[in-house]
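Chemist: model this:
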Amino acid sequence: MKPNRTVVFLAAAAALLILPMVLQGFGSAWVRIADMALLYVLLALGLNIVVGYAGLLDLGYVAFFAVGAYMYGLMASPHLTEAFPALAAMFPGGLHMPLWVIIPAGAGLAGLFGLLLGAPTLKLRGDYLAIVTLGFGEIIRVFLNNLDHPINITNGPKGLSQIDSIKFFGLDLGKPLSMAGFEFVSVSLYYYLFLALVVVSVVISHRLQLSRIGRAWMAIREDEIAAKAMGINTRNMKLLAFGMGATFGGVSGVMFGAFQGFVSPESFSLMESVMIVAMVVLGGIGHLPGVILGAVLLSAMPEVLRHVAGPLQSLTDGRLDAAILRQLLIALAMISIMLLRPRGLWPSPEHGKSLRGQ
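Modeler: The predicted structure follows:
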């Protein structure tokens, strides 16, 4: 069994490594779709800690994504030095912080916001917790949209532009790279960085799942009262789940800000949070392969359906808007899948039970 699994892993790794080279032949847009899919995988893995492991329904997860993106936007763009003369005097060349500073800062700030969200919701469950987290996500978006007066911090609805691309070890991911006679475009370079982050995140999530902390989260998910009776500090475990999940969201937000080169509050709407929750539920709550599958499908499906919605629109003589038709097709696909596979596309074989053989 193990040799077969090793062969599968090696084949999957090889396919992932050559994927951007193949997609480049069809245009950079397809590589960009793969990049965004990897970012959504990062977000889904973080939300899986909160929803899948600890059983805490979080509908405001996109707030941590926004915090990370704006952290990178503020620290790697000329906005702050233009808005604050004191900073311009301290950094005459502009505020261009290195990646090694911004990633820990974005992850730390997002984790802090996760703790701030978790602290007042410790006694809430189910629908009440969902409503509070939904409100938290909207509060962050509204703040980002309005913090341009009287002091211009976020530039309001106009967003932050001229954001630096990622640079490390002398390599600028914003510029093409020629290697062994093959040219890697910028989006392909970002693909490999995002893939590395996804692999690290999967390893961290898997180790957390098998750890004492992961078992405590699962005990809280199954029966919080019984978990508390067994001596588990449910307060600290819940806060840790919120903080850990938010950290993943912060790192993903940093990568999003660098990749896009522009961030605005419109990118962090409630619909984004709903889509991330749908990725976790659709793939299989608490099961890492299922969560990854759900994130890839739901992030890539809207782009693939563009090629289906166009012909369908022409069949109706343009009476149906292509964008609305695309959303309708996505909704129908999700409803069909959840009716046929109520536990998700790739559910955990031991859902609701402790892991065997550990």
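Chemist: Tell me how far the residue most central in space within the chain lies from V187.
Modeler: The centroid of the chain falls nearest to L43 when counting by CA atoms, centre = their mean (2.0 Å). Distance, L43 to V187, by CB to CB, to the nearest Å: 19 Å. Every C-beta, even on glycine, is put in place using the N, C-alpha and C of the backbone.
Chemist: One more: L122?
Modeler: From L122 to V187 the distance is 42 Å (CB to CB).
Chemist: And these two? Which one has more around it.
Modeler: Between L122 and V187, counted using other CB atoms under 10 Å, V187 has the larger neighbour count: 22 against 15.
Chemist: list the buried ones in stretch 94-101?
Modeler: 94-95, 99 (16 or more other CB atoms under 10 Å).
Chemist: ok, and what's touching it?
Modeler: 74-78, 80-81, 87, 105, 164, 166-168, 258 (CB atoms under 8 Å, 6 or more residues apart in numbering).
Chemist: Among the residues you listed, filter down to the buried ones and hand me the PyMOL syntax, if you would.
Modeler: Of the contacts of stretch 94-101, the buried ones go into a single PyMOL selection, burial set by 16+ other CB under 10 Å:
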select buried, resi 74+75+76+77+78+80+81+105+164+166+167+258
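Chemist: the bottom helix or strand of the chain by mean pLDDT?
Modeler: Least confident element among the helices and strands of the chain, by mean pLDDT, DSSP states H and E: helix 306-315 (a mean of 74).
Chemist: Report the distance from the following helix or strand past it to the chain centre.
Modeler: Sequence order places helix 322-340 as the next helix or strand after helix 306-315, per DSSP states H and E. Centre-to-centre, helix 322-340 and its host chain are 22 Å apart (CA atoms, centre = their mean, to the nearest Å).
Chemist: what's the longest helix in this protein?
Modeler: helix 234-260 (DSSP state H).
Chemist: Who are the packing partners of that helix?
Modeler: Helix 234-260 sits against helix 28-47, helix 62-75, helix 99-118, helix 186-210, helix 212-222, helix 224-229, with contacts defined as 3 or more CB pairs under 8 Å, 6 or more residues apart in numbering; DSSP states H and E.
Chemist: picking that back up, show me what the least confident helix or strand of the chain packs onto, helices and strands only.
Modeler: Against helix 306-315 (3+ CB pairs under 8 Å, 6+ apart) you get helix 322-340.
Chemist: Mind listing what's buried along the helix it packs on?
Modeler: 322, 325-326, 329-330, 334, 337.
Chemist: Taking their axis directions, the least confident helix or strand of the chain and helix 322-340 sit at what angle?
Modeler: 120 degrees (axes from the mean of the first three to the mean of the last three CA atoms, to 10 degrees).
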